[in-house]
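*Asks:* Starting from these lines, generate the structure:
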Amino acid sequence: MADTDPQTTKNVLFIMCDQLRFDYLGCAGHARLETPNIDALARRGVRFSRAYVQSPVCGPSRMSFYTGRYMRSHGSNWNNFPLRVGEPTLGEHLKRLGVRNVLVGKTHMKADDEGMARLGIDPNSIIGVEAAQCGFEPYERDDGLHPTRPGADRPRYDGYLAAEGYAGPNPWEDFANSGEAADGTRQNGWLLAHGDKPARVSDEQSETPYMTRRAMDFIREARADGRPWCLHLSYIKPHWPYIAPAPYHDMFGPDDVQPAIRSERERQDPHPVYGAFMDLRVSRNFAREEVRRRVIPAYMGLIKQIDDQLGLLFRFLDEEGLSGSTMIVFTSDHGDYLGDHWLGEKDLFHEMSVKVPLIIADPAPEADAARGTVSDVLVEAIDLAATFIDYFGGTVPRHIVEGRSLTPHLQGQRVDNWRSFVVSEYDYSMQDVRTTLKRDVSDCRLFMLFDGRFKYIHAPGFRPMLYDLDADPHEFRDLGGDPGYEAERARLKDLLLGWALTDHNRITMPDARIAAYGPATQLKSGILIGYWDEAEVERARRQYGL
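*Replies:* Below is the predicted model:
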């Protein structure tokens, strides 16, 4: 057992929701949804109002969170695209600092089994588990989607439900994510029509409270270990299936649904890629008001349940004496269109998809000056890895981690050289949109660059998209083909090109080692390139004090 004091050892509680919009919180101004515990966390820390993910879909977004690297760097472009073995992760950086990096919940990580086999790595070894679990110690991993299909892995949660009396081949689907008709027949929770029904499990037995309890279990057990920890509590909700247990299923009704953020103008001759996404089944359904009024109350109920559970978790930290030594981070992996812009899901770059909630409460006294503030600096998801390394006293390896530590902003410091734009990427090769647009797999890429005012979207093979969020905050008017904005598009494309050409794969050679290399190093090595005679070599030796 380590000889440490759990009340002073630094920890991080890294909370992530799945598919939670930035504007569905009380502290973000939602008109009907109250989230008092999340709001209280914001008063204890800093709420970042312009935080952007590096891809608006689960897998690649999370791989960027967990590596501190852009999608173009880690190469895991879509859900279930393996993160290549050897890709550095947050867990590896924290392990060097003596910190446990622990998972309760979802990562959407797909192991590079072929790569491990090629290198002779046993998947059951310590190295193999770390490589397969994205650098996490999997206290309880549950990626949250467990449809009935042959050979599917069943989560530990299934065993819990079975022990609670929910017998069957798939308790997750049949009970936790299905409703029930008046005659007792099961109503499949995958179907949007059943969003108004309560799930067939109690609140206590549903996924969010279960994962909260598992996080508490780890924290209790960690006392005996004594090492500092970073606990990633990754909630599965409010991601679909959109179905909530009682009493959350009817806490909100159709009248609580806010008007859709969309315009008829958007459907008139849209950009080809945008138009193809509008034509997907999920978008056509969410374009129907009856669907929005059925589903969004359930979505809100799931968020309310998360807020209530966080209240229990935060009180638990207080009781355990850990609140004064634990940084708490609350965020999401991406948003959800919910019918805005005539879209469902989260596949493009409007604010409700690519911008996420981010609240960080740093317990250090140095952060007192910034408590309760809202920061409008441009933040990227990759900044969290850098922030955690910094928090635990490490040096951020700039040749690997592409994010920047948020510590100065948490302490209310002015940062003059902060980033001037954020970048997000999307690969639509796995979508029906690829065949609709008759694109090759290698051509299905989108790149977003947002400089705080203009949002530029580069779409290879098509004209770009462009939005001026100062003049058009709802992003209704696409200026991508407007001749009056040609200079603006050229400026933003140049910024994107500069970002794309920045070295991002030199991960084996630190900057400091390169900076130290020079003529003196060459002389010490005995490699005498370009010298004329011994006299010239001797003069050089004297010059460099060798």
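
*Asks:* Which element, helix or strand, includes residue 467?
*Replies:* strand 465-468 (DSSP states H and E).

*Asks:* same check, this time on residue 85
*Replies:* For residue 85, there is no helix or strand it lies in under DSSP H and E.

*Asks:* cool, and residue 296?
*Replies:* helix 289-319.

*Asks:* Next: residue 448.
*Replies:* Counting by DSSP H and E, residue 448 is part of strand 445-450.

*Asks:* List the pairing partners of that strand within its sheet, with orientation.
*Replies:* The pairing partners recorded for strand 445-450 under DSSP bridges are strand 422-427 (antiparallel), strand 454-458 (antiparallel).

*Asks:* so what's residue 459 up against?
*Replies:* By CB atoms under 8 Å, 6 or more residues apart in numbering, the residues touching residue 459 are 271, 273, 446, 465. Any C-beta I mention is one placed from the backbone N, CA and C, and that applies to glycine too.

*Asks:* Next: residue 295.
*Replies:* Residue 295 touches 192, 195, 242, 286, 338, counting by CB under 8 Å, 6+ apart.

*Asks:* thinking again about what came up before, nearest to residue 258 among the strands paired with strand 445-450 would be which one?
*Replies:* Evaluated over those, closeness to residue 258 peaks at strand 454-458, with 22.2 Å, by CB to CB.

*Asks:* Not counting sequence-adjacent ones, nearest residue to the residue nearest the centre of the chain?
*Replies:* Nearest to the mean C-alpha position of the chain, by CA atoms, centre = their mean, lies residue 333 at 3.0 Å. If the residues on either side of it in the chain are set aside, residue 333 comes closest to residue 61, at 4.6 Å by CB to CB, 6 or more residues apart in numbering.

*Asks:* cool, residue 408 as well?
*Replies:* Spatially, and ignoring its direct neighbours in sequence, residue 408 is nearest to residue 415 (5.0 Å; CB to CB, 6+ apart).

*Asks:* Isn't the one you found up against residue 407?
*Replies:* No. Residue 415 lies out of contact with residue 407 (CB atoms under 8 Å); the separation is 9.9 Å.

*Asks:* what about these two, which has more around it?
*Replies:* More neighbours surround residue 407 than the other of residue 415 and residue 407, with 18 against 12 (other CB atoms under 10 Å).

*Asks:* for residue 11, what are its contacts?
*Replies:* Listed by CB under 8 Å, 6+ apart, the contact set of residue 11 reads 228-231, 322, 325-327.

*Asks:* Okay, buried residues for whichever strand or helix holds residue 41 please.
*Replies:* With secondary structure defined by DSSP H and E, residue 41 is part of helix 36-44. Neighbour-count burial for helix 36-44 flags 37-39, 41-42, 44 (criterion: 16 or more other CB atoms under 10 Å).

*Asks:* any low-confidence regions in this structure?
*Replies:* The chain contains residues with pLDDT under 70 at 1-7.

*Asks:* How about residues contacting stretch 112-126?
*Replies:* 82-86, 111, 127-129, 131-132.

*Asks:* likewise stretch 184-203?
*Replies:* Identification of contacts with stretch 184-203 by CB under 8 Å, 6+ apart yields 147, 161, 164, 166, 173-181, 206, 209, 240-250, 285, 291, 294-295, 297-298, 305.

*Asks:* For it, list every residue counted as buried.
*Replies:* Neighbour-count burial for stretch 184-203 flags 189, 192, 194-201, 203 (criterion: 16+ other CB under 10 Å).

*Asks:* Okay, and which of these map to helices?
*Replies:* Within these, no residue falls in helices by DSSP state H.

*Asks:* Name the pair among these with the greatest separation in space.
*Replies:* Largest pairwise distance in these, by CB to CB, is 22.1 Å, between 192 and 203.

*Asks:* Which strands or helices does the helix or strand containing residue 536 pack on?
*Replies:* Element membership for residue 536 (DSSP H and E) is helix 534-543. Judged by 3 or more CB pairs under 8 Å, 6 or more residues apart in numbering; DSSP states H and E, helix 534-543 is in contact with helix 519-525.

*Asks:* Mind listing what's buried along the helix it packs on?
*Replies:* 522-523.

*Asks:* Stretch 451-464 too?
*Replies:* Result for stretch 451-464 [16+ other CB under 10 Å]: buried residues 451, 454-459, 462, 464.

*Asks:* centre of the chain versus it, how much separation?
*Replies:* Distance, stretch centre to chain centre, for stretch 451-464: 22 Å (CA atoms, centre = their mean, to the nearest Å).
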